[in-house]
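**Q** Model the structure of this input:
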Amino acid sequence: MDYLIVVIIGLILGSFANSVIYRLPDIDSLLHDRSECPNCKKKLKPFELIPVISYALLRGKCKDCGTAISWQYPLVEIVMAILFAFIWFKFGYSLYAIYLMLFVWGLVIIFVYDAIKMEIPNEVLLYLFVITVVWIVWEAFLNSQVSGLILQRVWAALAGGIFWLLLNLASSGKWIGFGDFKLGLLLGFVLNLPGVWVFLFLTGILGGLFALLMLALGKKHLQERVALGPIMIVAFLIALFFSSPLITWYLNII
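**A** Down below sits the predicted model:
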């Protein structure tokens, strides 16, 4: 029953994430306007907003104008539900698990937004920063020895972000955006040591493979900017869930 509730919450928040992605940076619209069809602007009714189910019932098309609904909508909802369930499985019933769900919710928004628009929205980065500060303050309230742990996380944050800052400065923003640096800081802080090293290693590997694939397909040129945010987020999630076994595996083969 717990997993069913977590999955349903993930689907609902995935649906809300789609609304945020579509309306950013117009936060006022998000707060006051109802969801609508991107083509005919018809306001959607409640039965058209049920995560995944509405997409299936409508056969992936707007009920009024017949325009195809992007597969992004059900995919984001399903991925969010899977991630929420996996966090619950990995970290159990805890405030840390709830914090991670809220954090991952923001990461999914950044993933899709950056992949589409080649930009990491500051509004979502601010949200991630605020909930992380709240979590750390709560940790400090519960643990009197947390100051040393926070300092360790600060070093991890610097490790997670400094390389992307250097690439940004070296290329005058042509290769790597400044948002990637800010995202790297946050991801490094959350992962802490030694998880941040796994994150950086995986980001380099995945980024290199993606760049080679795009070059081979003729989609990118060497001097073109790449949406690094999605790659960093995938690397972060792998490090979050599997850093310990990956580190153990690596130490066993060297």
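**Q** Every contact and neighbour count from this point should use C-alpha atoms.
**A** Noted.
**Q** After the helix or strand of the chain with the lowest mean pLDDT, which helix or strand is next? Please name it.
**A** Lowest by mean pLDDT, DSSP states H and E among the helices and strands of the chain is helix 27-32, with a mean of 64. Going down the chain from helix 27-32, the next helix or strand is helix 53-57, by DSSP states H and E.
**Q** So for that next one, what gets flagged as buried?
**A** Residues 54-55 are the ones in helix 53-57 that count as buried (16 or more other C-alpha atoms under 10 Å).
**Q** Quickly list the domain ranges of the protein.
**A** 1-92, 94-254 (automatic domain parsing).
**Q** With just CA atoms, put stretch 93-109 into PDB.
**A** Below are the C-alpha coordinates for stretch 93-109, written out as PDB (Å, rounded to 0.1, in the frame of the first residue of the first chain):
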ATOM      1  CA  TYR A  93      10.100   6.000   5.400                       C
ATOM      2  CA  SER A  94      12.200   9.000   6.400                       C
ATOM      3  CA  LEU A  95      12.300  12.700   6.100                       C
ATOM      4  CA  TYR A  96      15.400  12.300   3.900                       C
ATOM      5  CA  ALA A  97      13.400  10.200   1.400                       C
ATOM      6  CA  ILE A  98      10.700  12.900   1.300                       C
ATOM      7  CA  TYR A  99      13.400  15.600   0.800                       C
ATOM      8  CA  LEU A 100      14.900  13.500  -2.100                       C
ATOM      9  CA  MET A 101      11.500  13.100  -3.700                       C
ATOM     10  CA  LEU A 102      11.000  16.900  -3.700                       C
ATOM     11  CA  PHE A 103      14.600  17.400  -4.900                       C
ATOM     12  CA  VAL A 104      14.200  14.800  -7.700                       C
ATOM     13  CA  TRP A 105      10.900  16.500  -8.700                       C
ATOM     14  CA  GLY A 106      12.900  19.600  -9.500                       C
ATOM     15  CA  LEU A 107      15.600  17.700 -11.300                       C
ATOM     16  CA  VAL A 108      13.100  16.100 -13.700                       C
ATOM     17  CA  ILE A 109      11.800  19.600 -14.600                       C
END
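**Q** what's it in contact with?
**A** Residues from elsewhere that reach stretch 93-109 (C-alpha atoms under 8 Å, 6 or more residues apart in numbering): 13-14, 17-18, 20-21, 76, 80, 83-84, 87-88, 91, 124-125, 127-128, 131-132, 135, 233.
**Q** list the buried ones in stretch 134-141?
**A** In stretch 134-141, counting by 16+ other C-alpha under 10 Å, buried: 135-136, 139.
**Q** Please read the previous query as pertaining to stretch 8-24.
**A** 8-22, 24.
**Q** Tell me the one of the residues you listed nearest Cys40?
**A** For the buried residues of stretch 8-24, the residue nearest Cys40 by C-alpha to C-alpha is Tyr22; the value is 15.0 Å.
**Q** Spit out the contact partners of the closest one.
**A** If a contact means C-alpha under 8 Å, 6+ apart, then Tyr22 has no contacts.
**Q** can you pull the pLDDT of it?
**A** Note for Tyr22: predicted pLDDT of 84.
**Q** Let me know the pLDDT of Glu224.
**A** Value for Glu224, per-residue pLDDT: 59.
**Q** What residue, apart from its backbone neighbours, is nearest Thr67 spatially?
**A** In space, and not counting its chain neighbours, Thr67 is closest to Lys61: 5.4 Å by C-alpha to C-alpha, 6 or more residues apart in numbering.
**Q** correct me, but the one you found touches Ile69?
**A** Yes - here Lys61 lies in contact with Ile69, judged by C-alpha atoms under 8 Å, at a distance of 5.1 Å.
**Q** Find the residues that touch each one of these two.
**A** Tyr55.
**Q** any weak-confidence spans in the chain?
**A** 1, 26-34, 36-39, 48, 64, 142, 144-148, 173-174, 217-225, 254 (pLDDT under 70).
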